[in-house]
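Trainee: Below are the sequence and a predicted model; questions follow.
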Amino acid sequence: MSRIASKFAALKAAGRGALVTYLQGYDPDGATSLAILRGLPGAGADLIEVGVPFTDPMADGPSIQRAAQRALKAGASLPGVLALVRDFRRDDDTTPIILMGYYNPILAFGVDSFCTEAAASGVDGLIVVDVPPEEADEIEPQAKAAGLDLIRLVAPTTDDERLPRVLAATSGFVYYVSITGITGTRSASAASLEAAIPRIRQHTGLPIAIGFGIRTPMQAAEAAKLADGAVVGTALVDTLAASLNEDGTARSETVRLVLDQVRALAEAVHAG
Amino acid sequence: MNKPLPNSFRQGPDSRGRFGQFGGRFVAETLMPLILEVEQAYDSAKADPAFDAEWRRLLKDYVGRPSPLWYAGRLTEHLRAEAKDPNLGAKVYFKRDELNHTGAHKINAVLGQILLARRMGKTRIIAETGAGQHGVATATACALFNLPCTVFMGATDVERQQPNVFRMKLLGAEVIPVTSGAATLKDAMNEALRYWVANIEDTYYCIGTVAGPHPYPVMVRDFQSVIGEEARVQMQEAEGRLPDALVAAIGGGSNAMGLFYPFLDDPSVAMYGVEAAGHGVDTEQHAASLTKGRPGVLHGNRTYLLQDGDGQITEAHSISAGLDYPGVGPEHSWLHELGRVQYVHATDDDALAAFQLCSKLEGIIPALEPAHALAHVIRQAPTLPRDSIILMNLCGRGDKDIFTVARHLGVEM
């Protein structure tokens, strides 16, 4: 069983939802990023999404755009992010790692060798934001061959006619984008989520995580209860950004501040 | 499916929006249903004679089409005098799309798209703009149809294209300066896409060039093809035959696609797309994506892009804000790989020289974008036989550029 499937199975047995945390790889630099990554499981993150920096993140709001710029300035690249995952895997063989990013850096790396190397580095799943099911043949065969899950976004705009097609192209878990918009800009109402999640469940047995617009421990707990997990990204990126020096470099408390927030989120999610 | 059909260059794209390997629909799931909705609406509009009739009425009575075909006699004689041999020196014709209402070819596709947006029941329009010509055209059409209009423009471009910013505001549009990235056209397009995702219910995104996710490249090409269709007829009337060469500037490539498309299956017609070489294609400061880039995925399509080894998009540079884009329409990438169109380039300095020459010899101040095309004509015409014909798309007028040009020439205004 893959790390993702094992994790969701274990959480289900324990009767609780997953806390999924997102941070951009190399934000604000490789060493700080690795220190945060290593601290996440201990702080209560159940699954980890690592953002792959890209110059033109068209589905992301201003916070994650700036994170990408900081990371690129610090020398981030796709091979660098894979090295980060390899370093993380030395001490942790159970926490699933999902890379989230855009297609062009993968294309530049080479789709075949990327999938092979990502799997060898300890990556469990991919979210390639700008490869919808219509373009799945670009990367699906290679990801499958390497044993990587392809996690797809389902949006409020994904209607019932389209939903089965999107879900058929999904493995690992379903990432429900709770708002029509970019990351970190608004939050969904509990009522809209209460309608959306059963609609997706009708079509899939895969776990569902809710993301885009979850900021507070309470929102995370509600989402994890309604679905199978809650993804928190921008709120953590904002905490990280607020902790930095004016020139965008890390301060001694950067790692602790981010992990403290993860602990607060985890407490709420795990209590739920 | 992705192989070009052997007997025609005019059958693309396929059902996936691909021209060979180029094009496609590389957008996030949140946008995908919208893209499909636009495609469906465009397919049905295309099949509706009333839609076509309304668009053509607007082109005739509002835009002033057909735009004239002009024999540039003084320029032709000037270039013949430069030729090494008295038998050389092609006749140069201009397709005068700079005479369109709003001063460029952009309005052709904007009116088509605004009619489509109305048909789809959309009540707000957004657009990206570089030089501001597409923004002005969109703001104009929105004024005409009483639709609220928001134009995303890189903050750098807002600075260097102040006259067009003021025009858009006069026309009632809201101009949002985009500060992310290099704050130019690419970033304006990112921001427009982000805004669209968040405002899907009522908003139509009016893209200015033959790029973006399917169906935009084919739709904008179809609307702009009015340029080449008119030119075919006009050239037959003027010379009784087709031209030997077509020349057009390439940023995203909409004016070029519009001129080239109706001639693609005429093997006697050579075609030249002129990219912006900025300070030179061997420097870091240019916008020549076909000459110096390689295929990648950005803004919803696979195409040639300026990018580094890690797949990060690099910044383009051109004196012309309208050509300052690190990508190009996917159909151009395809025509480039097939060799049907030759893609060449002209530097900032070449364009400045052409800009001045055209003004003095023909009494036409061209925009800096077609000044790049003209720079190629100036190079090529003296090498072709006297009885050959070059047709260049003079796709925009230079009023918007006089401040930029004055600054480069060291003139205080």
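Mentor: Perfect, I can see it now.
Trainee: give me every residue that touches the spatially most central residue of chain B.
Mentor: A centroid search over chain B (C-alpha atoms, centre = their mean) returns B:Ser254, at 3.1 Å, as the residue closest to the centre. The neighbourhood of B:Ser254, defined by C-beta atoms under 8 Å, 6 or more residues apart in numbering or on different chains, consists of B:His105, B:Lys106, B:Ala109, B:Gly208, B:Thr209, B:Val210, B:Val220, B:Arg221, B:Gln224, B:Gly329. From N, CA and C alone the C-beta is placed, and that goes for glycine too.
Trainee: Now with 7 Å, please.
Mentor: B:His105, B:Ala109, B:Gly208, B:Thr209, B:Val210, B:Val220, B:Gln224 (C-beta atoms under 7 Å, 6 or more residues apart in numbering or on different chains).
Trainee: Which residue comes closest to the residue in chain B that chain A sits nearest to once chain neighbours are left out?
Mentor: Going by C-beta to the nearest C-beta, chain A is nearest to B:Gly311 of chain B, at 2.9 Å. Leaving aside its sequence neighbours, B:Gly311 sits nearest to A:Ala108 (C-beta to C-beta, 6 or more residues apart in numbering or on different chains; 2.9 Å).
Trainee: B:Arg74 too?
Mentor: Spatial nearest neighbour of B:Arg74, excluding adjacent residues (C-beta to C-beta, 6+ apart): B:Leu361 at 4.4 Å.
Trainee: going on from the helix or strand harbouring A:Leu19, what's the next piece of helix or strand?
Mentor: If you go by DSSP states H and E, A:Leu19 is part of strand A:18-24. Using DSSP H and E, the helix or strand that follows strand A:18-24 in sequence is helix A:30-43.
Trainee: in that following helix, what counts as buried?
Mentor: Within helix A:30-43, the residues that count as buried by 16 or more other C-beta atoms under 10 Å in any protein chain shown are A:Gly30, A:Thr32, A:Ser33, A:Leu34, A:Ala35, A:Ile36, A:Leu37, A:Arg38, A:Gly39, A:Leu40, A:Pro41, A:Ala43.
Trainee: go on, stretch B:255-272?
Mentor: So, applying 16+ other C-beta under 10 Å, buried residues of stretch B:255-272: B:255-264, B:269-272.
Trainee: hey, where'd the strands end up in the stretch 51-200 of chain B?
Mentor: Secondary structure of the stretch 51-200 of chain B (DSSP state E, counting those that start in this stretch): strands located at B:69-71, B:91-95, B:124-129, B:149-154, B:174-178.
Trainee: Columns distance to chain A, mean neighbour count and mean pLDDT on top of those, output as CSV?
Mentor: Written out in CSV, the entries for these read as follows (distance: least, C-beta to the nearest C-beta, whole Å; neighbours: other C-beta atoms under 10 Å in any protein chain shown; pLDDT from 0 to 100):
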stretch, distance to chain A, mean neighbour count, mean pLDDT
strand B:69-71, 40, 17, 98
strand B:91-95, 34, 27, 98
strand B:124-129, 12, 27, 97
strand B:149-154, 12, 26, 97
strand B:174-178, 11, 18, 97
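Trainee: nearest to B:Ser15, of those strands?
Mentor: For B:Ser15, the closest of those is strand B:124-129, at 26.8 Å, according to C-beta to C-beta.
Trainee: what angle separates that closest one from strand B:149-154?
Mentor: Orientation of strand B:124-129 against strand B:149-154 (axes from the mean of the first three to the mean of the last three C-alpha atoms, to 10 degrees) gives an angle of 20 degrees.
Trainee: Nothing else from me, thank you.
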